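*Asks:* when you get a sec, could you give me coordinates for this:
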Amino acid sequence: MRNFRVIFFLAGMAGWLAAAGCAATPPNSLAKHDASKWLADIKAFEASDATNPPPRGCIVFTGSSYIRKWTTLAADFPGLPVVNRGFGGCHLADVCAYADRIVIKYAPREVVIYAGGNDINSGMPPKLVFGDFVALMTKLRQALPQTKLVFISCPPSPKRWAETDKIKTVNSLIADYCTHHDIQFINTFPLMLGADGLPRPDIYVDDRLHMNATGYAIWRQAVAPCLQ
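*Replies:* Numbers count the residues shown, from 1 in each chain. Prediction:
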């Protein structure tokens, strides 16, 4: 009878955890990932910090080239202490590797992140990309328990349209996680599509991957209500 009660209790706990949105930690690529290629970029940020450090309580934007190329952040969000720490074609694992040096040390009041598209493009399966996302969010939440975390969805693009199903899978996994872990998820994916369900050609530069000013206007409108 005692063993039966234990089994019943454990089964009940498993059901409760599932209902609460908890799950086993997904696998991630951090142990095998080499982030050293971005070291020069990180040192450049640190050199800038030495002469012009961001204020404590700032809003840090970080992630891959969609963030790095968002050069109008200050004009788009006037009156807010926004700081751009985007770097190149980075992966989620790269952001996680350098989070201490370009995010956490600022004690920001808010962190806005976009990365993941390059991970998918490199051939990583969606569940592993999701695992890297969870690892990053876990690191930030542990170091910055009072900081608001915001994640921008992986966007569509004409150049990588063949990867759309994988992008949708990653976005779905991330959106569900955010719902259960007090993280703001901004789904820009449908905002970047036309009436035909395809990426709007007028919001991309010639490489058919990165956005022009019209595309960033869409992101600005989506992100602005989430800033504090």
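
*Asks:* what about the strands in this protein?
*Replies:* Assigned by DSSP state E, the strands in the chain fall at 59-63, 82-86, 110-114, 148-152, 184-186.

*Asks:* what's the first-to-last distance across stretch 86-93?
*Replies:* Distance across stretch 86-93, first residue to last, is 13 Å (Cα to Cα, to the nearest Å).

*Asks:* how far off centre is that stretch?
*Replies:* 10 Å (Cα atoms, centre = their mean, to the nearest Å).

*Asks:* what's the neighbour count on the closest residue in space to D100 that isn't next to it in sequence?
*Replies:* The shortest distance from D100 to any residue other than its chain neighbours is 7.6 Å, reached at A143 (Cβ to Cβ, 6 or more residues apart in numbering). For the C-beta atoms, the positions are set from N, CA and C on the backbone; glycine is no exception. Counted with other Cβ atoms under 10 Å, residues neighbouring A143 total 14.

*Asks:* residue contacts, A143?
*Replies:* Residues in contact with A143 (Cβ atoms under 8 Å, 6 or more residues apart in numbering) are A99, D100, I104.

*Asks:* distance of it from I59?
*Replies:* 16 Å (Cβ to Cβ, to the nearest Å).

*Asks:* do the same with L39
*Replies:* Following Cβ to Cβ, the distance that separates L39 from I59 is 25 Å.

*Asks:* can you check V205 too?
*Replies:* 26 Å.

*Asks:* now R101
*Replies:* Taken as Cβ to Cβ, the span from R101 to I59 is 18 Å.

*Asks:* same check, this time on S36
*Replies:* For S36, the distance to I59 - Cβ to Cβ - is 28 Å.

*Asks:* higher neighbour count, those two?
*Replies:* Legend: neighbour count by other Cβ under 10 Å for S36 and I59, higher for I59 (23 against 10).

*Asks:* list the contacts for that one?
*Replies:* Contacts of I59 (Cβ under 8 Å, 6+ apart): F77, L80, P81, V82, V83, P108, R109, E110, V111, V112, L227.

*Asks:* most neighbours, which of those?
*Replies:* V111 leads these on contacts (other Cβ under 10 Å) with 28 neighbours.

*Asks:* thought I218 was touching I203?
*Replies:* Yes - in terms of Cβ atoms under 8 Å, I218 counts as a neighbour of I203; the distance is 6.6 Å.

*Asks:* these two - which one has more neighbours?
*Replies:* I203 (23 against 16).

*Asks:* and the gap between that one and T188?
*Replies:* In terms of Cβ to Cβ, I203 sits 11 Å off from T188.

*Asks:* with S64 instead?
*Replies:* For S64, the distance to T188 - Cβ to Cβ - is 14 Å.

*Asks:* relative to A115, how far out is F61?
*Replies:* From F61 to A115 the distance is 11 Å (Cβ to Cβ).

*Asks:* these two: who's more crowded?
*Replies:* Remark: of F61 and A115, A115 carries more neighbours, 29 against 26, as counted by other Cβ under 10 Å.

*Asks:* returning to that earlier point: next, show the common contact partners of I218 and I203.
*Replies:* M192, M211.

*Asks:* in the protein, what spans have low per-residue confidence?
*Replies:* 1-23 (pLDDT under 70).

*Asks:* show me the helices in it, by range?
*Replies:* 2-19, 39-51, 65-68, 73-76, 92-102, 117-121, 126-143, 164-180, 213-223 (DSSP state H).
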